[in-house]
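# My questions are about this predicted structure, shown below with the sequence.
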Amino acid sequence: NAGVTQTPKFQVLKTGQSMTLQCAQDMNHNSMYWYRQDPGMGLRLIYYSASEGTTDKGEVPNGYNVSRLNKREFSLRLESAAPSQTSVYFCASSAGLAETDEQFFGPGTRLTVL
Amino acid sequence: AQSVTQLGSHVSVSEGALVLLRCNYSSSVPPYLFWYVQYPNQGLQLLLKYTSAATLVKGINGFEAEFKKSETSFHLTKPSAHMSDAAEYFCAVSDWMNTGFQKLVFGTGTRLLVSP
C-alpha cells in the first residue's frame, strides 16, 4: 500500500516551458487535492477534485490546469511556467469532503522555474 | 474566512524538555482544527484533530493539544522532546468555500529544533 505517490520528485524548467505533475493514490479515496508550499506561507490549495469527473478551483488556480483521469489519478499541468511557480507541490487525497476527513499527502515535487 | 496564526517560525528545545507550539484560530463558529507534521523531504502527516468531541485531543508520537474557546487557541504540546521530533508543524482549520466545499487553511508553520 503506497498511499499517495507523486512524480517527478524534482524538476527544473525554463520560463515558458510546460510540464505535468502526476499524482496517484491507492486508498480508493474519492477526493484529491493539489497544494503549493512556499516559505513562510504554509500550504495553499490550487485545485481539488471532489470525485471522479469533477474539478474545482482553489485559492491560487491561475496558471494551472488539472485533470482527474480516473479515481486514482489527478494531474496538475503548467502550460507556460513562470518563475513565480517555483515551489514545492503536494498532492493529497481523502475519503470524502467531510470537514473531519483526514487528508493524506504525497512526498512532494520540488519545481524550479528559471 | 477562517484563519490560523502560528506564533514563532522556529522553536528550539533540548531533548527531554517540554514542547509547546502555539496556534490561535479566528472563527465565528466552532471550528475543526488539525495539527500536521512534516519531516524533512516528506509530505504532511496528521498528528491529531479536534472535532468538538473532547477539548483535550491526543495524537500520535505522544503529542496532544487542548482546544480553549475562551482563548481561541489550540496549542500543541509534548511533555518530553525527542530528537526524532525535529520537523515542521502546521496548524490548520476547516473553512467553507463558496462552492460548498470545506478546505483546509494552513498556518505558516513552526520549525521545531531539538538539541541533545
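Good, I have the coordinates.
# Just give the closest residue to B:V4, not the sequence neighbours.
Closest residue in space to B:V4, ignoring its immediate chain neighbours: B:G107 at 4.3 Å, by Cβ to Cβ, 6 or more residues apart in numbering or on different chains. Any C-beta I mention is one placed from the backbone N, CA and C, and that applies to glycine too.
# how about stretch B:3-10 as PDB, C-alpha atoms only?
Only the C-alpha atoms of stretch B:3-10 are listed here, as PDB (Å, rounded to 0.1, in the frame of the first residue of the first chain):
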ATOM      1  CA  SER B   3      -7.600  31.500   9.600                       C
ATOM      2  CA  VAL B   4      -4.900  30.300  12.000                       C
ATOM      3  CA  THR B   5      -1.900  32.100  13.300                       C
ATOM      4  CA  GLN B   6       1.200  30.200  14.500                       C
ATOM      5  CA  LEU B   7       3.400  32.200  16.800                       C
ATOM      6  CA  GLY B   8       7.100  31.600  16.200                       C
ATOM      7  CA  SER B   9       8.500  30.400  13.000                       C
ATOM      8  CA  HIS B  10      11.200  28.500  14.900                       C
END
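# Checking the most centrally placed residue in chain A next. Helix, strand or coil?
For chain A, A:W34 is the residue whose C-alpha lies nearest the centre (Cα atoms, centre = their mean; 2.7 Å). Classification of A:W34 by DSSP: H, G, I helix; E, B strand; the rest coil places it in strand.
# can you pull the contacts of it?
Counting by Cβ atoms under 8 Å, 6 or more residues apart in numbering or on different chains, A:W34 touches A:21, A:23, A:45-48, A:58, A:64, A:66, A:74, A:76, A:89-92.
# Just give me the least confident of these.
Within the contacts of A:W34, pLDDT reaches its minimum at A:G58, with 90.
# How about the residues of chain B by chain A?
B:9, B:32, B:41-46, B:49, B:51, B:90, B:94, B:97, B:99, B:101-104, B:106-109 (Cβ under 8 Å from any Cβ of the partner chain).
# From these, list the buried ones, please.
B:32, B:43-44, B:46, B:49, B:51, B:90, B:94, B:101-104, B:106-109 (16 or more other Cβ atoms under 10 Å in any protein chain shown).
# Which parts of whichever strand or helix holds B:V11 count as buried, going by neighbours?
Using DSSP states H and E, B:V11 sits in strand B:10-14. Judged by neighbour count (16+ other Cβ under 10 Å), strand B:10-14 contains these buried residues: B:V11, B:V13.
# Same check on stretch A:46-59?
Neighbour count says stretch A:46-59 has A:I46, A:Y47, A:Y48, A:S49, A:A50, A:T55, A:D56, A:G58 buried, by 16+ other Cβ under 10 Å.
# chain center to it, what's the gap?
Centroid separation for stretch A:46-59 versus its chain: 10 Å, with Cα atoms, centre = their mean, to the nearest Å.
# What helices and strands are in contact with the helix or strand of chain B with the lowest mean pLDDT?
In chain B, no helix or strand scores lower on mean pLDDT, DSSP states H and E than strand B:102-106, which sits at a mean of 84. Applying 3 or more Cβ pairs under 8 Å, 6 or more residues apart in numbering or on different chains; DSSP states H and E, one finds that strand B:102-106 contacts strand A:42-49, strand B:3-5, strand B:87-96.
# again, only this time at 6 Å
strand A:42-49, strand B:87-96 (3 or more Cβ pairs under 6 Å, 6 or more residues apart in numbering or on different chains; DSSP states H and E).
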